[in-house]
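Q: Here's my sequence, what's the structure:
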Amino acid sequence: MSQIRTRFAPSPTGYLHIGSLRTALFNYLWAKKNNGQFLLRIEDTDQARLVEGAQENLIKILQLFGLNFDNHEPMVQSTRTKIYQEFAQKLVAESKAYYCFCSSERLDDLRKTQTEKKLVPKYDGHCRNLSQEEVSAKLQAGEKAVIRFKMPENQTVEMHDEVYGDIKVKTEDLDDFVLLKSDNFPTYHLANIIDDHEMEISHVIRADEWLPSLPKHILLYEAFGWPQPTFVHLPLLLNPDRSKLSKRQGDVAVEDFVKKGYLKEAILNYVALLGWNPKDEREFFTLEELVANFSLEHINKTGAIFDIQKLNWFNSQYIRKVFYATADEVIYGKKIEPHTIEPGNLMIKLKNKNILELAQSFIPNDISLDLKNKIIKIFSSRLNNLAELAEVASFVWELPAYDKAMLIFKKSDLEKTKTGLNLTLELLNQTEEIAWQEENLKQLLSDLVAQNNLTAGDVFWPIRVSLSGREQSPSPTEILEVLGKEESLKRIQVAVDKLK
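A: Next up is the predicted model:
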């Protein structure tokens, strides 16, 4: 196996877990770093758990994130059941596996007894030494059977993992595990080994929840006489309380983050740093830079904390770099090309047009495109994700009800507030539409404050509340520009009337 070949092998049983995205990413990075191939395999032998459309969705998500696989079509396990059956029979013929006719009731009772005696629950070998005649008679009688691996006795399985190092396990601590189920579908262990061998996989990179299965897989490789791939087990993703990352504690589906307006570049960047350390101070990486910098030696053993606050920070940084720092060029009519933005000495390459359209999609359809873009311009520096636009900017299209007491700044009073609002109304009435721009409006209002012996709290605060109905919002002059002259004057008049 001279070429590096990795694979991502998801089960199409629902959404793509954020941990599975990391597994796919690390497989992709290692293959591309070594000019190798990244392959996709669909592990759908557990027919009872399949979800319609899940396979197509998995492929769509991988392609969205730029993790394109090199096999023209993914290998699909359910189309290969005959192959697995033949290999299982080969092991039976070589006395490396055997038929087991034990009922589920017997196995349940066995497990219960072992648990009560505080023994490790495992198969007791009841059918291991049945004669060929007994096996044939039972099969001819139509008895249901599975095929079990015949665990070698009194051996030590020696293994090596790139993350966990050398591992030894005694076969007496292992089970005669099932290879082929009674419905003739293979277990994960059998199908996995056969497929990795036939796909010529050089590196098996997967979550460390499969580490306990490694001795079984090593023994299967030995039983078939096949060379073993290099094994790399990735640390689990954990919640902040160090429990296993699960949907019970929040979003874990990649689709959920995409739907909420997390940029795929930010998700991929953050996920890459979960369990992998670049060994320098850098935090921002493009996919190309991850390929160049990735190494198996820098994968950590300890579980990686998935911190939504950290993802929010990454996403907010990407949003700022796309919209805030270059807002005029992105939004106001100039030719939009894929950009290179330099945050410090870092390079973030993003297709701004696509992201602009994504941001627009989170604002109601009946809002004009020009107003949508103005909203994006003033709010983009304040977002954790683009979906927040619908909430933080909602006052633009619908002024919420607010108590008139909110209009009075804590260091002002009713009379000064009324004076400030009335003078503002008069000034803005006289301001031409052509001069209705944030910087100009800011200067006009600052002059109004100075010339009338008022404070910013007498003028800017009540304007903010009257325009937004909120105590926290973008600056009042930014909101004035977004709302335009007519709507702004109307809202300020409402505030004046409230205070009469």
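Q: secondary structure element for Lys490?
A: helix 476-498 (DSSP states H and E).
Q: Could you tell me how far that helix lies from the centre of the chain?
A: Helix 476-498 sits 41 Å away from the centroid of its parent chain (CA atoms, centre = their mean, to the nearest Å).
Q: Using PDB, write out every CA atom in it.
A: Written as PDB, here are the backbone C-alpha positions of helix 476-498 (Å, rounded to 0.1, in the frame of the first residue of the first chain):
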ATOM      1  CA  PRO A 476     -28.600  55.900  16.700                       C
ATOM      2  CA  THR A 477     -27.000  57.500  13.700                       C
ATOM      3  CA  GLU A 478     -26.400  54.100  12.100                       C
ATOM      4  CA  ILE A 479     -30.100  53.300  12.600                       C
ATOM      5  CA  LEU A 480     -31.100  56.700  11.100                       C
ATOM      6  CA  GLU A 481     -29.200  55.800   7.900                       C
ATOM      7  CA  VAL A 482     -30.800  52.300   7.700                       C
ATOM      8  CA  LEU A 483     -34.400  53.500   8.400                       C
ATOM      9  CA  GLY A 484     -34.200  56.500   6.100                       C
ATOM     10  CA  LYS A 485     -35.600  59.900   6.600                       C
ATOM     11  CA  GLU A 486     -39.300  59.300   6.500                       C
ATOM     12  CA  GLU A 487     -39.400  56.300   8.800                       C
ATOM     13  CA  SER A 488     -36.900  57.900  11.300                       C
ATOM     14  CA  LEU A 489     -39.000  61.100  11.600                       C
ATOM     15  CA  LYS A 490     -42.100  59.000  12.100                       C
ATOM     16  CA  ARG A 491     -40.600  57.100  15.000                       C
ATOM     17  CA  ILE A 492     -39.100  60.100  16.700                       C
ATOM     18  CA  GLN A 493     -42.500  61.800  16.500                       C
ATOM     19  CA  VAL A 494     -44.100  58.800  18.200                       C
ATOM     20  CA  ALA A 495     -41.500  59.200  21.000                       C
ATOM     21  CA  VAL A 496     -42.300  63.000  21.300                       C
ATOM     22  CA  ASP A 497     -46.000  62.200  21.600                       C
ATOM     23  CA  LYS A 498     -45.300  59.600  24.300                       C
END
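Q: Leu237 is in contact with Gly19, correct?
A: Yes. The pair Gly19 / Leu237 is scored as a contact, 4.5 Å apart, by CB atoms under 8 Å. Every residue, glycine included, has its C-beta placed from N, CA and C.
Q: Quick check: neighbours shared by those two?
A: Common neighbours of Gly19 and Leu237, using CB atoms under 8 Å, 6 or more residues apart in numbering, are Leu245.
Q: which ones are touching Leu499?
A: 404, 407, 414, 417-418, 421.
Q: Out of these, the closest to Gln451 would be?
A: Nearest to Gln451, judged by CB to CB, of those is Leu421 at 15.9 Å.
Q: So that closest one: helix, strand or coil?
A: When classified by DSSP: H, G, I helix; E, B strand; the rest coil, Leu421 comes out as helix.
Q: Neighbours of it, how many?
A: 23 (other CB atoms under 10 Å).
Q: and the gap between it and Arg491?
A: 11 Å (CB to CB, to the nearest Å).
Q: buried set for whichever strand or helix holds His160?
A: If you go by DSSP H and E, His160 is part of strand 156-161. Within strand 156-161, the residues scored as buried using 16 or more other CB atoms under 10 Å are 157, 159, 161.
Q: what touches both of Leu421 and Arg491?
A: Ser466.
Q: what's near enough to touch Ile319?
A: 263, 266, 380-381, 383, 385-386.
Q: ok, so of those residues, who is nearest Val482?
A: Ser380 (12.5 Å).
Q: Which of the three states applies to that closest one?
A: Under the three-state scheme (three-state DSSP), Ser380 adopts helix.
Q: how much space between it and Leu389?
A: Counting by CB to CB - Ser380 and Leu389 are separated by 9 Å.
Q: can you check Leu62 too?
A: Note on Leu62: its distance to Leu389, by CB to CB, is 27 Å.
Q: Strands of the stretch 151-300 of the chain, start to end?
A: 156-161, 165-170, 178-180, 203-207, 230-234, 237-238 (DSSP state E, counting those that start in this stretch).
Q: ok so, going back, would you list the contacts of Leu499 in a markdown table and tack on distance to His72 and pLDDT?
A: Converted to a markdown table, the contacts of Leu499 look like this (distance: CB to CB, whole Å; pLDDT from 0 to 100):
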| residue | distance to His72 | pLDDT |
| --- | --- | --- |
| Lys404 | 67 | 95 |
| Leu407 | 65 | 96 |
| Leu414 | 74 | 96 |
| Thr417 | 70 | 96 |
| Lys418 | 73 | 96 |
| Leu421 | 68 | 97 |
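Q: Closest to Lys310 out of those?
A: For the contacts of Leu499, the nearest to Lys310 is Leu407 (38.1 Å; CB to CB).
Q: which regions of the stretch 251-400 of the chain lie under the pLDDT threshold?
A: 251, 324-353 (pLDDT under 70).
Q: Could I get the full set of helices for it?
A: 254-259, 264-272, 287-293, 308-319, 327-331, 352-360, 369-379, 389-392, 394-397 (DSSP state H, counting those that start in this stretch).
Q: For Lys301, find the nearest of the ones you listed.
A: Comparing these under CB to CB, the one sitting nearest is helix 264-272, at 17.4 Å.
Q: Contacts only, for Ile218.
A: If you count contacts by CB under 8 Å, 6+ apart, then Ile218 has 157, 159, 228 around it.
Q: and which of those is nearest to Thr455?
A: If you rank the contacts of Ile218 by distance to Thr455 using CB to CB, Met159 comes first, at 72.8 Å.
Q: Any idea what that closest one is bridged to?
A: In this entry, Met159 is beta-bridged to Ile167, by DSSP bridges.
Q: Correct me if wrong: it contacts Thr230.
A: No. Met159 is beyond contact range of Thr230, at 11.2 Å (criterion: CB under 8 Å).
Q: domain assignment for the protein?
A: Per automatic domain parsing, the structural domains of the chain span 5-75+237-305, 80-234, 312-396, 404-498.
Q: Show me where the stretch 1-150 of the chain has its strands.
A: 5-8, 37-42, 75-76, 97-100, 146-149.
Q: what does the second one contact?
A: I take that to be strand 37-42. 3-12, 27-28, 31-32, 55, 58-59, 62, 67-71, 74-78, 195, 199, 201.
Q: now the residues you listed: which count as buried?
A: The buried subset of the contacts of strand 37-42 (16+ other CB under 10 Å) comprises 4-12, 27-28, 31-32, 55, 58-59, 62, 67, 69, 74-75, 77, 195, 199, 201.
Q: my guess is Arg320 meets Ser380, correct?
A: Yes. With contact defined as CB under 8 Å, Arg320 reaches Ser380; the gap is 6.6 Å.
Q: Which phi and psi values does Pro229 adopt?
A: phi -80, psi 170 (degrees, to the nearest 10).
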